[in-house]
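1. Build me a model:
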Amino acid sequence: MSSNSNLQLVVPVAANTTYVSSISDLLHMNSMAFSAYYNHASLLIADLKMYFSDDGIDFILYRTQQLDNTITKDGNLVIPKRYFKFEIQNQEPTPFSATKIFFYAHETVTQNIDVNLDATDIQISGMATEATQLLVKNAVVSTEAKIIACNTGSVVVSSSVLPTGASTELKQDGIITKLGEVDLVLDTINTKISNGNDVTLIQAQQVLLYGRTNTNQLNAIKTDGNGKLDVNTEIDVNPVNSTLTNKSAMSNVALNGYVDNGGNPYFRNLQLTSSDNKLMVNDSDVYDVLVQTNTKLDSIKLDTAHRATTSSTITGFGSVIGNVSSTIDLGNVAKDKFDTIMVNGINTASTFEFVLEFSENGTDWGTDGLKPQMSLVGTDFSFSLTRSKIACRYVRLYTIVIGVGIVLNYTLAKFN
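-> Purely as a prediction, here's the structure:
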C-alpha cells in the first residue's frame, strides 16, 4: 500500500472555490481505498469527484461520492486507467473549518501488469562488448598455439609427475594391510554373535543396562540371585474393589492440569465444589465445549468470576452539535472482547439525535449513520440504540441534534 501528497488533502477548502488535486501516476496499481471528511458551518452536502485518464491529459469522471457534513465516508474502487486526480467544491462564501481526504493505492503482482516495455524498463548489465569479444578471441588463439598434437585414438603418456599428496604404491600396500586387520575383527564379532544364539548363551556378548535417576545419576539395573529383575515394591497400591461400592477401598489419586507459565511450567490440582463435588471450570471454556461437542454439562458448576456484561453512565454529552462522548474501549483480547453495545436514555425534547462512531486506533472515526428513535413515555422521550458483532476496538457517541435533560447509560456484552 502506498500514499503520497497528490492523493490526500488536509488543508480546508477556501470559500467559493473548487480544489483540484495534482495528477498521480498509478502505474502497477490496481485498486484504491479512500476516506473523506469535511466540516462546515452551513454546507450540508459536498461532492467528491474522482477522475481517471490514459494519457494524463484527457480525464473522465469515474465516480462522484456525496459527503455529509462532519460524517466520514469510506470506500474502495478499481483503478481503470493509469492517471488519477480528484476535486471537491466549496459553494459557500465561507471556508471549510476542516478537510481530511486520503486515497490509498494498492499493488498486487497478479493484476495490472504493464507489458509496454521500453529502454527504461529493460536494463541488462555485463553484456559482452566488442572489446570483451576480442579478448575471448585472443585467449582461444593462445590455447590453440599451445596444443602441439592430439591423438584421437589411444593416449600414450611417456612420463608424468604425481601431484602433491597422491597415493603411491607404498601407501596402497598400507591400505591393504589395514583392510585385512578390519576383516579379522569382523570375523571375531561374527563368531561371538553366532555362538550367542545357542540355549546356554555361554559365549554371548555381555551388555550392562543403566537407568537414570531423577537427579540425573546413572545406575546399573540389578537382578536377584535367580536372574530376575530387581524392582522396588515400596509403592502401596490398594486393590480396586470389584463391586466399586466402597470408595475407601480405592487408592486416592489427584488429577492435575499442566500450566505453561511463560517458560516456568507447573502442575495444578483440578478443583471440585465443596457442597456437591462438581468440577469447577471457567464459564467461557464451558461455552466453547457446548458449541464444539453439542453436549449438555448439567453437573458442571460454572466459575462466575468473569462476567459477560458491564455497564456505565455517560455524562456531559449532547449539549453541543458535534459533541462526542468519552471513548469506550471494547477490549483487545479476542476471548474477552465485548462485541455488543446498548445505549439507553431519556430526553425532555423530541429532537435529540446522535450516532455511534467506530475506530480501531482511537484516532480515525467513522459511522454508518444509524440514529435512535424517540418514544414519548410520560413527559419524557425514551430511546435505545443497540449494535452487535462490532469488529473494531473503540466506540463513542457523536451529537447530531442537541438534546435537553439527557440521561444516558450503556451496557457492553460479549457472546463469544
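2. Show the model's pLDDT score for the closest residue to Gln271 other than its chain neighbours.
-> Take Gln271 and drop its neighbours on the chain: the residue closest to it by C-beta to C-beta, 6 or more residues apart in numbering is Met280, 4.7 Å away. All C-beta atoms are positioned from the backbone trio N, CA, C, and that covers glycine. Confidence at Met280, expressed as pLDDT, is 74.
3. doesn't Met280 fall inside a helix?
-> No: assessed by DSSP: H, G, I helix; E, B strand; the rest coil, Met280 does not belong to a helix; its assignment is strand.
4. How many neighbouring residues does it have?
-> Other residues within reach of Met280, judged by other C-beta atoms under 10 Å, total 13.
5. what's the answer for Glu181, then?
-> Neighbour count for Glu181, taken as other C-beta under 10 Å: 9.
6. who are the neighbours in contact with Ser319?
-> 399, 402-403, 406 (C-beta atoms under 8 Å, 6 or more residues apart in numbering).
7. what about it, distance to Gly405?
-> 10 Å (C-beta to C-beta, to the nearest Å).
8. again, but for Gly318
-> Distance, Gly318 to Gly405, using C-beta to C-beta: 10 Å.
9. How about Glu169?
-> Relative to Gly405, and taking C-beta to C-beta, Glu169 is found at 115 Å.
10. same question, Thr367
-> Distance, Thr367 to Gly405, using C-beta to C-beta: 25 Å.
11. between these two, who's got more neighbours?
-> Shown here are Thr367 and Gly405; by other C-beta under 10 Å, Thr367 has more neighbours (19 against 12).
12. Could you report the pLDDT at Asp118?
-> Here the pLDDT value assigned to Asp118 is 55.
13. go on, Asp336?
-> 78.
14. Isn't it up against Leu412?
-> No: counting by C-beta atoms under 8 Å, Asp336 stays clear of Leu412, with 11.1 Å between them.
15. The two: which is more packed in?
-> Between Asp336 and Leu412, counting by other C-beta under 10 Å, Leu412 is the more crowded of the two (21 against 13).
16. so the more buried one is in which element?
-> strand 407-413 (DSSP states H and E).
17. which residues sit against that strand?
-> 308-315, 317-318, 325, 328, 330, 338-347, 397.
18. From Ile314, how far out is the closest residue in space to Lys389 that isn't next to it in sequence?
-> In space, and not counting its chain neighbours, Lys389 is closest to Asp339: 5.8 Å by C-beta to C-beta, 6+ apart. Noted for Asp339: a distance of 19 Å to Ile314, by C-beta to C-beta.
19. Check what contacts stretch 361-380 and list those residues.
-> Here stretch 361-380 makes contact (C-beta under 8 Å, 6+ apart) with 35, 68, 71-74, 327, 343, 346-348, 350, 352-359, 381-385, 387, 393-394, 396, 398, 400, 405.
20. Could you check how far it is from the centre of its chain?
-> Mean C-alpha position of stretch 361-380 versus that of the full chain (C-alpha atoms, centre = their mean, to the nearest Å) differs by 33 Å.
21. shaky segments in this protein?
-> Scanning the chain with the threshold set as pLDDT under 70 gives 1-5, 108-128, 148-158, 191-205, 233-252, 261-263, 274-276, 281-308, 416.
22. C-terminal to the top helix by length along the chain, which secondary structure element comes first?
-> Taking DSSP state H as the criterion, the chain has its longest helix at helix 169-195. Counting by DSSP H and E, the next helix or strand C-terminal to helix 169-195 is strand 210-212.
23. Let me know the helix or strand that the nearest residue to Phe383 once chain neighbours are set aside is in.
-> Once flanking residues are discounted, Phe383 sits nearest to Pro372: 4.1 Å by C-beta to C-beta, 6+ apart. Taking DSSP H and E as the definition, one finds Pro372 inside no helix or strand.
24. Now do the contacts for Arg212.
-> Contact criterion C-beta under 8 Å, 6+ apart gives Leu218 as the residues in contact with Arg212.
25. I'd like the distance between it and Asn219.
-> 8 Å.
26. do Tyr394 as well
-> Counting by C-beta to C-beta, the separation of Tyr394 from Asn219 is 63 Å.
27. Looking at these two now, which is surrounded by more residues?
-> Shown here are Tyr394 and Asn219; by other C-beta under 10 Å, Tyr394 has more neighbours (17 against 9).
28. hang on, the more buried one packs against Ile341?
-> No: using C-beta under 8 Å, Tyr394 makes no contact with Ile341, being 11.0 Å away.
29. Quick check: neighbours shared by these two?
-> Common neighbours of Tyr394 and Ile341 (C-beta under 8 Å, 6+ apart) are 328, 330.
30. Could you count how many residues lie near Leu67?
-> Applying other C-beta under 10 Å, we find 19 residues neighbouring Leu67.
31. Quick check: phi and psi on it?
-> Leu67 adopts backbone torsions of phi -110, psi 130, taken as degrees, to the nearest 10.
32. any idea how far it is from Tyr37?
-> Here the criterion is C-beta to C-beta. By it, Leu67 lies 7 Å from Tyr37.
33. and if you look at Phe84?
-> Distance, Phe84 to Tyr37, by C-beta to C-beta: 20 Å.
34. Between these two, point out the one with more neighbours.
-> The neighbour comparison of Phe84 against Tyr37 (other C-beta under 10 Å) goes to Phe84, with 27 against 20.
35. and the more buried one, what helix or strand is that in?
-> strand 83-90.
36. And the strands in the stretch 251-400 of the chain?
-> Here the stretch 251-400 of the chain has its strands, by DSSP state E, counting those that start in this stretch, at 256-259, 266-269, 280-282, 301-303, 309-314, 328-329, 340-347, 353-359, 375-377, 380-387, 394-401.
37. Quick check: which helices or strands does the strand holding Phe84 pack against?
-> For strand 83-90, the elements it packs on are strand 17-20, strand 24-25, strand 31-39, strand 45-53, strand 98-106, judged by 3 or more C-beta pairs under 8 Å, 6 or more residues apart in numbering; DSSP states H and E.
38. Next, format these as a markdown table and append distance to Lys178.
-> Shown next, in a markdown table, are those (distance: least, C-beta to C-beta, whole Å):
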| stretch | distance to Lys178 |
| --- | --- |
| strand 17-20 | 90 |
| strand 24-25 | 75 |
| strand 31-39 | 72 |
| strand 45-53 | 82 |
| strand 98-106 | 70 |
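39. out of the ones you listed, which comes closest to Asp224?
-> strand 98-106 (78.1 Å; C-beta to C-beta).
40. just the angle between that closest one and strand 45-53, please?
-> Strand 98-106 and strand 45-53 meet at an angle of 30 degrees, taking axes from the mean of the first three to the mean of the last three C-alpha atoms, to 10 degrees as the criterion.
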